[in-house]
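> please work out how this folds:
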Amino acid sequence: RGAALGLRAGAQRRTDSGTAYPGRGAVGCPICDPQTPIPDTSISRSAARDGCWCKLAYWEHRTRVGRLYAVHEASVNVFSELPRGSGFCLGQLPAVHRSRAVRRARGKIGRGLLLSRELSAVWAYNRSEHPIFVSSPTLGPPGAHGLAVLKVLPGYSVKVFDYERAGGIGAGGWQRGDGPCDPHSVRISFGKGWGPCYSRQFITSCPCWLEVLLAQPR
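Below you'll find the model as predicted:
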């Protein structure tokens, strides 16, 4: 499905979002269906005062599962199965009625991903055996319409959020046609992409996805 970030096992490669490969793997598209808004989960500057740099919300299609997970350490693992692992364990969230598609997608999360705040950026490291798809306001080129969606293959990492670039994005930079979007958020889908290249036009059509709600700088 187009351009992607990939790497053989046993190595590690980092890719700056500012040089993301063009094409079907990184395209501008609406992040959510503007006709069916989802609950607001944004967080404010007050979160930064208690040492929390982000909160994580796990979604299955349009349903949020469990509570927000506050992150205070510089990095956090998000996983379904990770022996002796610590972090946000999706396997421990309360059971809900899940479709076959959701159960199948959850079964592929495995070691999941690592989110790390490094200097003025947030990086995502794909530790699973399947692709993840990421989107944020700072992934696409300046002035792009819609948000870029990037496919990240196993063993790859990408700068999913750049605080300096985000500071230069004004309120006027968002088109209403893009649907609701928190300019301080990152959205990550496990195993399924969305946008013009896929049958799923919006991330709310993806079976399992993560919302990273970043605390706004003071």
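> where along this protein do the strands fall?
13-15, 26-29, 54-60, 63-71, 75-79, 87-89, 113-118, 121-126, 132-135, 147-152, 156-162, 185-190, 209-214 (DSSP state E).
> return the list of helices and strands in contact with the last one.
Pointing back at strand 209-214 there. Here strand 209-214 touches strand 54-60, strand 156-162, strand 185-190, going by 3 or more Cβ pairs under 8 Å, 6 or more residues apart in numbering; DSSP states H and E. Where you see a C-beta, it was placed from the backbone N, CA and C, and this is true even at glycine.
> if I read this right, residue 71 contacts residue 115, doesn't it?
Yes: contact criterion Cβ atoms under 8 Å: residue 71 and residue 115 qualify, at 7.4 Å.
> mutual contacts of the two, please.
Among the neighbours of residue 71, those also in contact with residue 115 (Cβ atoms under 8 Å, 6 or more residues apart in numbering) are 54, 56.
> between the helices and strands packed on strand 209-214, which gets nearest to residue 79?
strand 185-190 (10.5 Å; Cβ to Cβ).
> got the CA positions of the closest one in CSV?
Extracted C-alpha coordinates of strand 185-190, given in CSV (Å, rounded to 0.1, in the frame of the first residue of the first chain):
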residue,chain,number,x,y,z
SER,A,185,-2.5,15.0,19.4
VAL,A,186,-1.1,12.0,17.5
ARG,A,187,-3.3,9.1,16.3
ILE,A,188,-1.9,5.6,15.7
SER,A,189,-3.7,2.7,14.2
PHE,A,190,-2.6,-0.9,14.8
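> given it, what are its sheet partners and their directions?
Paired neighbours of strand 185-190 in the sheet (DSSP bridges): strand 132-135 (antiparallel), strand 209-214 (antiparallel).
> just those strands: most buried one?
strand 132-135 (a mean of 28; mean count of other Cβ atoms under 10 Å).
> hmm, residue 201 is touching residue 195, no?
Yes: assessed by Cβ under 8 Å, residue 201 is found in contact with residue 195 at 6.8 Å.
> of these two, which one has the most company?
More crowded of residue 201 and residue 195, by other Cβ atoms under 10 Å: residue 195, with 23 against 14.
> any idea how far that one lies from residue 156?
Distance from residue 195 to residue 156, counting by Cβ to Cβ, to the nearest Å: 19 Å.
> what's the longest helix in this structure?
For the chain, the longest helix by residue count, based on DSSP state H, is helix 100-106.
> residue 97: neighbour count?
7.
> give me the pLDDT for it.
Per-residue pLDDT puts residue 97 at 87.
> also the one 4 residues further on?
Here the pLDDT value assigned to residue 101 is 94.
> pretty sure it contacts residue 207?
Yes: Residue 101 is in contact with residue 207 according to Cβ under 8 Å; the separation is 4.7 Å.
> neighbour count: these two, which is higher?
residue 207 (22 against 14).
> the more buried one and residue 107 touch, don't they?
No: here residue 207 lies out of contact with residue 107, judged by Cβ under 8 Å, at a distance of 10.6 Å.
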